[in-house]
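Engineer: give the three-dimensional model of this entry:
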Amino acid sequence: MEDFIRGMPKVELHLHIEGTLEPELLFELAERNGVMLRFGSVEEVRAAYDFADLQSFLDIYYEGASVLLEQRDFYDLTWAYLVRARADNVRHTEIFFDPQTHTDRGVPFETVIEGIHQALKAAESSLGMSTRLILCFLRHLSAEAAMATLEHALPFKDRIVAVGLDSSELGHPPSKFADVFARARAEGFRAVAHAGEEGPPAYICEALDTLAVERIDHGVRCVEDPELVARLRSEAVPLTVCPLSNVKLRVFNRMADHNLGRLLELGLAATVNSDDPAYFGGYITDNFLAVHSALGLGREQYVTLATNAIEASFIDQDRKAALRAELDEYMWS
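Structural biologist: As a prediction, the model looks like this:
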């Protein structure tokens, strides 16, 4: 079964590019850009990845991003992830980026998106992967700051498929950004949002009703509200679940407690993703393998998770059909 999981063609829908910054690249970029780090070694950095909750992770996440200054840095970061994802048999990936993390440090929006975009183009031509880019607003900042970021993004509409919402969930409900998402949708962007990770099921409802999102990122707390579960099932709303992240950030105490299997039993369109793999101990295949080790799902359930990701992706029907055909061939080979 582990060999089956490793070889299975995959689609990743919940991946923060800043969260793929491995300690080795962190030190390389710090030296290249003359940035002083408080860590003395790769081992010391990895030892710091013991998080009590989402905020304790975000603190070190934003600190790590300080080494990203030039277009080349964003290219190198993105390319490193894409090569790693291809080794995991990822055929299509939809990448989040947090421009405010960088523009608030004086890095131009254009520098960020150009570096990422060039790497995505290279992946499509040389790695055989399709890609999409999603701009996330930082919810701990103001709605006005998010609107300003959206304005910065408008000249690059051809490079961004959707907007999203991430960062500290508690105390920052989706409704805070209703006007921003309304403007984004009017400009032709699709919409997703983190909800129901640390925040309550009500945040999932807000994301659906107030932000009109098409996917819920995380969403694992939906099971606390049976009416919400019924709605998610009837409307086939995808959930981009990140198992290792959920354990690392203490949403679940251990993988054996994770509700991914329950989500599938409830008929929900769950998917498996890696979130911030450099910080949470694993890329997409690692997440599948951790789930298998702890939950022991069957082959058909893994194929269902992979199929759900294809259907939930922001690609055209021809590409979806090609990915379904490849998965089907793999299933029966």
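Engineer: what residues does the worst-scoring helix or strand of the chain on mean pLDDT touch?
Structural biologist: One helix or strand of the chain scores below all others by mean pLDDT, DSSP states H and E: helix 54-64, with a mean of 83. Under the criterion CB atoms under 8 Å, 6 or more residues apart in numbering, residues 18-19, 21, 26, 38, 48-49, 51, 101, 167-170, 197-198, 248-249, 276, 279 lie in contact with helix 54-64. For every residue, glycine as well, the C-beta is placed using N, CA and C.
Engineer: Glu235: how many residues sit nearby?
Structural biologist: If you count neighbours by other CB atoms under 10 Å, Glu235 ends up with 10.
Engineer: tell me where the stretch 151-300 of the chain has helices.
Structural biologist: Assigned by DSSP state H, counting those that start in this stretch, the stretch 151-300 of the chain shows helices spanning 178-186, 201-209, 226-234, 243-248, 260-265, 277-280, 284-295, 299-312.
Engineer: Serialize those to a markdown table and add fields for mean neighbour count.
Structural biologist: Supplementary listing: the helices of the stretch 151-300 of the chain in a markdown table, determined by neighbours: other CB atoms under 10 Å:
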| stretch | mean neighbour count |
| --- | --- |
| helix 178-186 | 18 |
| helix 201-209 | 22 |
| helix 226-234 | 15 |
| helix 243-248 | 24 |
| helix 260-265 | 18 |
| helix 277-280 | 26 |
| helix 284-295 | 20 |
| helix 299-312 | 19 |
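Engineer: with just CA atoms, put whichever helix or strand comes after the least confident helix or strand of the chain into CSV.
Structural biologist: Once the chain leaves helix 54-64, the next helix or strand it forms, by DSSP states H and E, is helix 71-87. The C-alpha coordinates for helix 71-87 follow below in CSV (Å, rounded to 0.1, in the frame of the first residue of the first chain):
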residue,chain,number,x,y,z
GLN,A,71,13.0,38.0,-7.6
ARG,A,72,15.6,35.2,-7.7
ASP,A,73,14.8,34.2,-4.1
PHE,A,74,11.1,33.7,-4.9
TYR,A,75,12.0,31.8,-8.1
ASP,A,76,14.4,29.5,-6.1
LEU,A,77,11.9,28.9,-3.4
THR,A,78,9.1,28.0,-5.8
TRP,A,79,11.3,25.9,-8.0
ALA,A,80,12.5,23.9,-5.1
TYR,A,81,8.9,23.0,-4.1
LEU,A,82,7.9,22.2,-7.7
VAL,A,83,10.8,19.7,-8.1
ARG,A,84,10.0,18.1,-4.8
ALA,A,85,6.3,17.9,-5.7
ARG,A,86,7.1,16.3,-9.0
ALA,A,87,9.1,13.6,-7.1
